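> starting from these lines, generate the structure:
(chains A and B)
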Amino acid sequence: MPNSALWAVDLFGKVHTLSTAGQYWELCKDSQLEFKRVSAATQCCWGIACDNQVYVYVCASDVPIRCREEAYENQRWNPVGGFCEKLLPSDRWQWSDVSGLQHRPLDGVALPSPHWAWESDWYVDENFGGEPTEKGGWTYAIDFPATYTRDKKWNSCVRRRRWIRYRRYKSRDTWAKIPSKDDPEQLPDPFNDLSVGGWEITDEPVGRLSVWAVSLQGKVWYREDVNHPNPEGSSWSLMDTPGEVVQISCGPHDLLWATLWEGQALVREGINRNNPKGSSWSIVEPPTSENGIMHVSVGVGVVWAVTKDRKVWGIGCEDRAIYFRQGVTQSELSGKTWKAIIASREYDRSHSGSSSSLLSAGCFFGDEVRGSGESCAPSDTDASSEAERPGPDQPGPAGSVDSPRNPRDSLALGSGSGRTTEPAEEETTGPAIQTPGLEPHPGPASTLAELPWTNIDLKEPKRAPSHPAAGFPEASGLSTLGLLPLGLEEPYGADDHPLWAWVSGGGCAVEPHTVLKWFTVQSGLSPSMQTLSMSITPAQTAAWRKQIFQQLTERTKRELENFRHYEQAVEQSVWVKTGALQWWCDWKPHKWVDVRVALEQFTGLDGARDSILFIYYVVHEEKKYIHVFLNEVTVLVPVLNETKHSFALYTPERTRQRWPVRLAAATEQDMNDWLALLNLSCCESRRVHGRPSPQAIWSVTCKGDIFVSEPSPDLEAPEHMLPCDQMFWRQMGGHLRVVEANGQGVVWGIGYDHTAWVYTGGYGGGCFQGLASSTSNIYTQSDVKCVYIYENQRWNPVTGYSSRGLPTDRYMWSDASGLQECTKAGTKPPSLQWTWVSDWAVDFSVPGGTDQEGWQYASDFPASYHGYKTMKDFVRRRCWARKCKLVTTGPWLEVAPLTLADVSIIPERPGADRSGHNIALWAVSDKGDVLCRLGVSELNPAGSSWLHVGTDQPFTSVSIGACHQVWAVARDGSAFYRGSVSPAQPAGDCWYHIPSPTKQRLKQVSVGQTSVYALDENGNLWYRQGVTPSYPQGSSWEHVSNNVRRVSVGPLDQVWVIANKVQGSHSLSRGTVCHRTGVRPREPKGQGWDYGIGVSKAGLGLHGHSVCAGTWHQGWWEAPDSPSGMLDLPVSPLGPWQPWVTRLSPSRGAGITSPSGPMPPEPSGAGPRRELPSAVWSRASPGHPHRWPGPRRRPLAPSAAKAASRTRKQAARRCEGSRVICEPSRLSH
Amino acid sequence: MTDDKDVLRDVWFGRIPTCFTLYQDEITEREAEPYYLLLPRVSYLTLVTDKVKKHFQKVMRQEDISEIWFEYEGTPLKWHYPIGLLFDLLASSSALPWNITVHFKSFPEKDLLHCPSKDAIEAHFMSCVKEADALKHKSQVINEMQKKDHKQLWMGLQNDRFDQFWAINRKLMEYPAEENGFRYIPFRIYQTTTERPFIQKLFRPVAADGQLHTLGDLLKDTCPSAITPEDGEKKNQVLIHGIEPMLETPLQWLSEHLSYPDNFLHISIIPQPTD
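Residues are numbered from 1 along each chain as shown, chains lettered A, B, ... in the order given. Predicted structure coming up:
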């Protein structure tokens, strides 16, 4: 989770923020203005200042907000002057928009507000659908309006070209006034209340916000078009209301409530992704007719309301039942002990936003809370512990007076201490917070009890008489919270602690596992502790620690070096650990059977420890056992599915057989213990321990598990290359989708939720505790991914589309393939590690597009789907997604705040002297921005900041080669080469547009030392011809192979691909890692495929029935000349790798892919499972008709050289025409 | 970058090359060869000298054999002190290997405890562990352990099995997250110059003001004479496991990483060798 902030306004209108990572309130950077109301979202905050104007505060980021303006220049041909500006009277404007209907002269395009600035001057767009026009950007047609083409034909009578100019939002980290230039008739009168929310309505990363405001006259206004590229929105539009509104509250989802003067509440209905404004109001009567609602506040699935008799009401969204909130009665409030304080806290917590009407509680609570403030001063800790004590309460049904107090509410983390040890620090309060898990959709009975609450207890016992306590739902909880300033009558000294007037937690996300430093006074630790998590510095640099390490090494040398021939006093005996596990019996009866296992450890003659794992089982009442030598084990893979805690154990032999030993433990703890012990034993027998070396080879499986392998010296020996199936892999904690290493210890990863992570230098974490884990550098890591299911419907003449299909049809709720039934209720998170964090929602971002309700149509199952209905469409489907989350630990630290889609680090050979240079690292954000990381070094692998590299369109992939060649792929499928990238100029100067291969859209690019490979959307692999140091753009694409899903080129131009093969009617697409052998400078074509690898680690049968059946996708690095590892083989969750299943009969194939299905018989026979990979590969290789061309570095033959120079000239000409699309980096900032 | 876990390993696998020689007055049937052995620093003499005993008994008559005991330069070696401590305290400045004299006669009753069997060592070891945990956690951790866990601690030490030992001992090294350390640090300070066998006091890892106590703080409090005055010449060495940690080292860290298997920090203060 990136840091987020809580926003608050003090009594004097000053705005403060409190970061989830920080400990102190910070005054807002732009403190000129005084505010009466703020409402925060993640990246921005809206507020009403005391001048009654609306302001928006957009937080700064490394990525600018930029917007493209475009205009078209139109020309018509006439016989006299050729193409000229003279158009026919019936023609469009000479300068127009894309439709031609609107006049749009270049100098008439104005900035929308003073908060924008032009980035550069107008220029012509040379890029036409991914291809350069080479003709000044002109495109030709017969007449307006028509289809334009690149080429001028005999009948081309008109032409046009596009001019582009970028504007950039400049008012960041400051309050930007929202210009009110609306129609005077409808000019909003001064606003009284304002609420932002709605950012969860769509999943898209455009940052759309719903901004609602209430004017003094009681009208409701909606701000149109507020989204990330347009943070100000465009205009206010008046919403009709059935009465005068006093206050409004907008939740992150579709909840919008307002209160009327009369005391009723208004609920907006019909808010959805297509209509964020909603369609109609409906009135909700107050809970008691005599006391109207004064204030409402909504969250994800809950509404809190304060009525005029100061009772607080909550409404769970599920059943709209009303619950009474405890403890707000007058009698209780006048209590005198801590009970009363709990009550008042309780009150305040639910009383979100009562501050809007100061008359409400201010005076009323004044006495009471002041009293408590005094009494809490001497005994803070006790007080809060007392406050935490209330027992679990039952959720109250409607009208119940019982408190539906959340039991987790009592898990307050901190004491409500207001003591600050350092007077110099900003005097702040020490709020107490509760961070229960987010349960967006609590069940009806326990709605209230499960509501996510964060309780901030802001009391300051020393100076101010009291402080308000307020609560707000955590995470994506309520959008607006009010804080009640109490003791208003007290004078507010200059050095006094702030008294709060308003708070907004809308943008403040508090994860259950996050430790907030808001409540405790850090003691005994240096202030630098606060920044510890922000940068990766070797935390262990203290002199005393160094000295101990050093002296221990010296001691060992002194006392042992010359005496190694001495006998050991204690002979290593055999040590046995036994236990009970379950073992997957691969032959009849094909099920999990209870076994006894014993791990015997002994010391060999050479002092090395080795271990044997025995598995004792009973078959037909006959006792048998199998055993595994742990020094032969190559990898231990946890296989977590919905039901079992199991793991698989591979040896080279078993890898070739694809027959791992699979064991399951009763509990997670049990499995972790065994995994850790077995891993430790394996590592010990291979003498691997501690931190992976900088040259280590990293990979991720398609389940997100991270593995690392130490390159052995054998890997470097060209004669006796270590077969890849003998490489030993050990697991690192954490969960990643992409991992990228540079061979010098800098390792970055990207999670499934696009979060960027950097390796901290630790090891272990996750299921590895104790000795298998390092003490330091292990942090909490979380990841979020979606589970997808499909709703299928067939058309029939009577009812139209319905869930009644033909008997032959797929399940009406299914996985993507339609083969597995997946209902909303029955679908579980991928494994026990994952928990749901959202409800099912329609996914609109599926390929092919959808209609307004998310449906995709087709003539029949299975077919290609499109997003609109035609006459021929008899079936339709839509995709539902549900987010699930995993929390683990590992040697990773988040690189906040940007989220990434791709990352590439310059590969470096070990030993190369790069000291003094920063390590080049490029990335593409998930929004498509190209970024260059500054300040990355071995000591600071996280780097310091992003440098935004401007592009004309979103990008999808980037790769940097060993000589600072940066290639990238844009969303339109064309490639770009970044010119002049060097250590001195890390962001280069301009993009060179490289057209994609004819009629193909590229999707990924990978650069080695000199080779450039690209992959298109149809799985074709292309090699860039003619790349030379003097002409790094190359000349043309040469087709290499089809059927490829992912390519990775190493620092020595080694080529790795994940081959793709979709298997017939089964959904199981297969990703197989292939390696081109023999690619060397002198053998550019290579020698052939390395068959023995890749397939080796197939986690066959290890995955469950679920849609994203995961198998073991291994990225392999087998560099004959270099042990350095750079590996990026991210794996699609929907693409399990099943290279050999086609060879089996369908039933067997299916059986193997499911752990509970039957497995082929004969454990030791020569069944299909027993086939060697080479056999499989000999089938697979004819599928790749093209030989692999290696990098061409042989001297060219004279004719070839001539040809090359010719193409180079052509290309150079083209390059001259190619425009400098982006300004150099310094202009980016 | 080295991890703290490596310290545990280094500490555990510390070895002292030792040469055992039979005391000259012992009566032998034939000449007794010296016996060379790598002694684990963290173990106890009588626990790891079965081989020595066997070696010398071969050359002796049965009737001359009684309880074995060891002596270094005239000082009888207490078997209930860890070997590393004995070496640091008595022999750290001498050349390696460590020359230990083996006796079978005239047991120094006033200096040494009898060690009739391994059970005596186990009892001593476990009582130390329990005492340490009483200081660290009011005995809560050790009492929550099962009998087999206790056994695993002992067997780990006896068989020199790092993993086996630390799988259990790890729990003894934990402390509540809200605290900054143990309740008290189990430590003993040994000096050759005094009559008193060792110094042991209640000492907290964290000061009242929240600052972590360091090794220097401990010495200042318990054994001020060991500290070199600011302008003075260094007179003493403070040794743990044969190394001299800086006085700035936090005591809590030392306790977690440089304790002996009995969970005590055994600190030797010896005069600075005058080369």
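
> what's the domain layout of the chain?
Since no chain was named, I'll use chain A. Per the record, chain A has its domains at A:66-169, A:573-675, A:783-824+A:844-886, A:904-936+A:950-1092, by the TED database.

> let's do chain B instead
Split by the TED database, chain B gives B:16-103, B:118-173, B:187-268.

> list the contacts of residue 34.
All of this refers to chain A. A:12, A:13, A:14, A:49, A:50 (Cβ atoms under 8 Å, 6 or more residues apart in numbering or on different chains). For the C-beta atoms, the positions are set from N, CA and C on the backbone; glycine is no exception.

> that's the other chain; I wanted chain B
Neighbour list for residue B:34: B:19, B:20, B:21 [criterion: Cβ under 8 Å, 6+ apart].

> how many neighbours does whichever residue of the stretch 101-250 of chain B sits closest to chain A have?
Across the stretch 101-250 of chain B, the shortest distance to chain A (Cβ to the nearest Cβ) belongs to residue B:210, at 3.2 Å. Using other Cβ atoms under 10 Å in any protein chain shown, residue B:210 is surrounded by 13 other residues.

> residue B:180 is in contact with that one, correct?
Yes - between residue B:210 and residue B:180 there is a contact at 7.4 Å, judged by Cβ atoms under 8 Å.

> quick one: secondary structure of the residue of the stretch 101-250 of chain B closest to chain A?
coil (DSSP: H, G, I helix; E, B strand; the rest coil).

> ok, it to residue A:946 distance?
For residue B:210, the distance to residue A:946 equals 38 Å [Cβ to Cβ, to the nearest Å].

> on that earlier part again, out of the contacts of residue B:34, who's nearest residue A:593?
Nearest to residue A:593 out of the contacts of residue B:34 is residue B:20 (Cβ to Cβ; 53.3 Å).

> that's a strand at that closest one, yeah?
Yes - under three-state DSSP, residue B:20 sits within a strand.

> buried stuff in stretch A:148-161?
For stretch A:148-161, the neighbour count (16 or more other Cβ atoms under 10 Å in any protein chain shown) marks A:148, A:149, A:156, A:157, A:158, A:159, A:160, A:161 as buried.

> now the domains of chain B as JSON lines including mean pLDDT?
Formatted as JSON lines, these follow (pLDDT from 0 to 100):
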{"stretch": "domain B:16-103", "mean pLDDT": "88"}
{"stretch": "domain B:118-173", "mean pLDDT": "90"}
{"stretch": "domain B:187-268", "mean pLDDT": "87"}
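
> quick one: the strands in chain B?
Counting by DSSP state E, chain B has strands at residues B:15-22, B:35-40, B:69-72, B:75-76, B:98-103, B:187-191, B:236-239, B:265-271.

> for residue 79, give me phi and psi.
In the absence of a named chain, this looks at chain A. Main-chain torsions, residue A:79, degrees, to the nearest 10: phi -60, psi -20.

> that was the other one, I meant chain B.
Torsion angles, degrees, to the nearest 10, at residue B:79: phi -70, psi -20.

> and if you look at residue A:1056?
When read as degrees, to the nearest 10, the backbone of residue A:1056 gives phi -120, psi 140.

> in stretch A:279-291, what's buried?
Buried residues in stretch A:279-291, counting neighbours by 16+ other Cβ under 10 Å, are found at A:281, A:284, A:286, A:287.

> now stretch A:128-143
Residues of stretch A:128-143 classed as buried: A:128, A:130, A:131, A:132, A:133, A:135, A:137, A:138, A:139, A:140, A:141 (neighbour count, 16+ other Cβ under 10 Å).

> list of residues touching it?
Applying Cβ under 8 Å, 6+ apart, the external contacts of stretch A:128-143 come out as A:75, A:83, A:124-127, A:147-153, A:155-162, A:970, A:972-974, A:993, A:995-996, A:1001, A:1214, A:1217-1218.

> show me which of those residues neighbour chain B.
With Cβ under 8 Å from any Cβ of the partner chain as the criterion, the contacts of stretch A:128-143 include none near chain B.

> which residues of the stretch 1-150 of chain B fall in helices?
With helices called from DSSP state H, counting those that start in this stretch, the stretch 1-150 of chain B shows them at B:4-12, B:50-57, B:83-90, B:118-137, B:140-144, B:147-158.

> who wins for proximity to residue A:881 among these?
helix B:4-12 (41.4 Å).

> can you tell me if the closest one touches chain A.
Yes - using Cβ under 8 Å from any Cβ, helix B:4-12 reaches chain A at B:4, B:5, B:6, B:7, B:8, B:10, B:11.

> what about the first one, distance to residue B:41?
The spacing between residue B:4 and residue B:41, counted by Cβ to Cβ, is 19 Å.

> neighbour count winner among these two?
In terms of neighbours (other Cβ under 10 Å), residue B:41 is the more surrounded of residue B:4 and residue B:41; the figures are 23 against 16.

> apart from its neighbours in sequence, what residue is nearest that one?
Once flanking residues are discounted, residue B:41 sits nearest to residue B:84: 3.2 Å by Cβ to Cβ, 6 or more residues apart in numbering or on different chains.

> without its sequence neighbours, what residue ends up closest to residue 26?
You didn't pick a chain, so chain A it is. Nearest to residue A:26 is residue A:17, by Cβ to Cβ, 6+ apart, at 5.4 Å.

> try again with chain B
In space, and not counting its chain neighbours, residue B:26 is closest to residue B:104: 5.8 Å by Cβ to Cβ, 6+ apart.

> now, which of the buried residues of stretch A:279-291 sits nearest residue A:801?
Residue A:801 lies nearest to residue A:281 out of the buried residues of stretch A:279-291, by Cβ to Cβ, at 31.1 Å.

> the closest one reaches residue A:269, doesn't it?
Yes - between residue A:281 and residue A:269 there is a contact at 7.1 Å, judged by Cβ under 8 Å.

> check which helix or strand covers residue A:614.
Under the criterion of DSSP states H and E, residue A:614 resides in strand A:609-619.

> on that earlier part again, what's the most buried one of the helices of the stretch 1-150 of chain B?
Mean neighbour count (mean count of other Cβ atoms under 10 Å in any protein chain shown) peaks for helix B:83-90 among the helices of the stretch 1-150 of chain B, with a mean of 25.

> and it, what does it pack onto?
Secondary-structure packing of helix B:83-90 (3 or more Cβ pairs under 8 Å, 6 or more residues apart in numbering or on different chains; DSSP states H and E): strand B:15-22, strand B:265-271.

> list the contacts of the closest residue to residue A:644 other than its chain neighbours.
Sequence neighbours aside, residue A:664 is the residue nearest to residue A:644 in space, at 4.7 Å (criterion: Cβ to Cβ, 6+ apart). Counting by Cβ under 8 Å, 6+ apart, residue A:664 touches A:581, A:582, A:583, A:584, A:592, A:644, A:645, A:646, A:647, A:671.

> can you confirm the last one is in a helix?
Yes - counting by three-state DSSP, residue A:671 is located in a helix.

> and it, how many neighbours?
Using other Cβ under 10 Å: residue A:671 sits among 22 other residues.
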